[in-house]
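1. Next come a sequence and a model predicted from it.
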Amino acid sequence: MKYFILVLICFAFFMACSSNDEVAVEQEEMEQMEEDNPMPPSNFTIEVEPLFGYANVNWTNDVGGPNNLNLNYDLYLNNNLVISNLEDLNYTFENLNFDTEYQLKIIAKNAEAETAEESIFTTLKSPENYTFLLKEVQRTGSTIGEIFYYNYSYNEENQLIGRVDSDVDGFQFREYTVEYDNESRIKKEREINNIFGGICSENISYFYENNVLKTVTSSSFCGPHETTITLDRISQIEYTYHFKQDDWKGGNSYEYDAIVNLEFNNEGLPITHTLTLVGANSGYVTEFDYTDGNMTRINGGGNNMQFVFDNQNSRHALGSGNYGMIGKNNRLSMGTPFNGLHLNTALIDFENKNNIVKSISEGGTAEYLYTYTPFGYPETLTISSNKVFSYSYIFVEN
């Protein structure tokens, strides 16, 4: 019996040794196969965003296997090496020609082998061949999680037809829509605002006579107040203004009528806007100065404001509430941007040529710090070091 057990033990020991030897041999064979047939990185996908004289390139990397670890990349453009041993998964090619086709090759390398992928792209034409429209503005505040989005939409004639404002959770707190007539003239505007826990709305209608804006009416409701304003054009330099406000909770309601007179410079821009109350000698005079296509000063209602501009292209409207988020195709609402202006017919379509970098008034000085895209429009705007606006654009070929 003891002899039989001893035989079994020896047999088991022999089998274990044989098994270990086989594993070792198999491992050596696999290592030899890897040396003879090294595993290259997996195939990957290239995405190219061709722009104006430059192109942003991104590519993917499947990190599911050991052959995709610790990769470096060589980038070629038209068979010329541009950069080697890049570890990032993105790169920007600069100083490219406009409207030119390029052949891109990216080689992914591990310690043993390499894999190449290719792509062909064409840069856009020079910027003057395009109309630039705001696509989205992202606003980031000083509070963690304070992020808002402003998304713009346009019709086939590149006219703004809507803007939707939402927070980081997708809640839409403001919606703005615009309608145009068959002559592509603005016909109606509507804004619904739900940001303060209650709904505020405003509706504006435009009426034309002999291809000239004749009458503008506004009806707005917010809280207990309902306000109606009617502006009726008498001539190019004169119109009537009627204001009425009712308080649904029994507060003070009032209305008044006024005459507005305009004086223009040689370029057809208003330099004075005088609002005189009917039946009274009192009124408001607002003065405007312009330099190189920009409104550089507004003096009226006891407030003298001066503006300094950059030399880059602008996508902003005149003054509208929150300067950073409004595209220039967005119309001015009633009562903005300054007291006494209201819906000055001569300024409804006014657009500053450049961007305000500083505003100066009795209340102090505000500065607007920009970074710019290579095609000359704002990319980011920082206000008071705690609000940052980031801009993205739609390019429409003319």
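-> Here it is on my side, so go on.
2. lowest-pLDDT helix or strand in this protein?
-> Least confident helix or strand, the chain: helix 2-36 with a mean of 51, by mean pLDDT, DSSP states H and E.
3. Can you give me the distance of residue 118 to residue 256?
-> 72 Å (Cβ to Cβ, to the nearest Å). C-betas here are computed from N, CA, C, even on glycine.
4. ranges for the strands of the stretch 201-350 of the chain?
-> Secondary structure of the stretch 201-350 of the chain, counting by DSSP state E, counting those that start in this stretch: strands at 212-222, 225-235, 238-247, 254-264, 270-277, 283-291, 294-300, 303-309.
5. so what's residue 77 up against?
-> Shown in contact with residue 77 (Cβ atoms under 8 Å, 6 or more residues apart in numbering): 93, 102-105.
6. Quick one: buried ones out of those?
-> Neighbour counting with 16 or more other Cβ atoms under 10 Å marks 93, 102, 104-105 as buried within the contacts of residue 77.
7. Out of those, the closest to residue 384 would be?
-> residue 93 (35.7 Å; Cβ to Cβ).
8. Just list whatever residues bridge to the closest one.
-> residue 55 (DSSP bridges).
9. and if you look at the one 10 residues further on?
-> Here residue 103 sits in beta bridges with residue 120, as judged by DSSP bridges.
10. Give me the nearest residue to residue 139, chain neighbours excluded.
-> Distances taken as Cβ to Cβ, 6 or more residues apart in numbering place residue 148 nearest to residue 139, at 4.5 Å, with adjacent residues excluded.
11. Ok, residue 354 next?
-> Residue nearest to residue 354 in three dimensions, not counting chain neighbours: residue 309, with 4.1 Å by Cβ to Cβ, 6+ apart.
12. Can you get me a residue count around the one you found?
-> Using other Cβ atoms under 10 Å, residue 309 has 19 neighbouring residues.
13. and it, what pLDDT?
-> Per-residue confidence (pLDDT) for residue 309: 90.
14. Residue 390 versus that one, what's the distance?
-> In terms of Cβ to Cβ, residue 309 sits 21 Å off from residue 390.
15. how many other residues sit next to residue 218?
-> Quick note: residue 218 (other Cβ under 10 Å) scores 20 neighbours.
16. phi, psi of residue 45?
-> Per-residue torsions, residue 45: phi -110, psi 140 (degrees, to the nearest 10).
17. Sorry, slip of the keys, the one I care about is residue 94.
-> Backbone torsions of residue 94, given as degrees, to the nearest 10, read phi -120, psi 170.
18. pretty sure it is touching residue 53, no?
-> Yes: counting by Cβ atoms under 8 Å, residue 94 does reach residue 53; the two are 7.4 Å apart.
19. Tell me how this structure divides into domains.
-> Domain assignment for the chain by automatic domain parsing gives 1-34, 46-122, 131-171+206-397.
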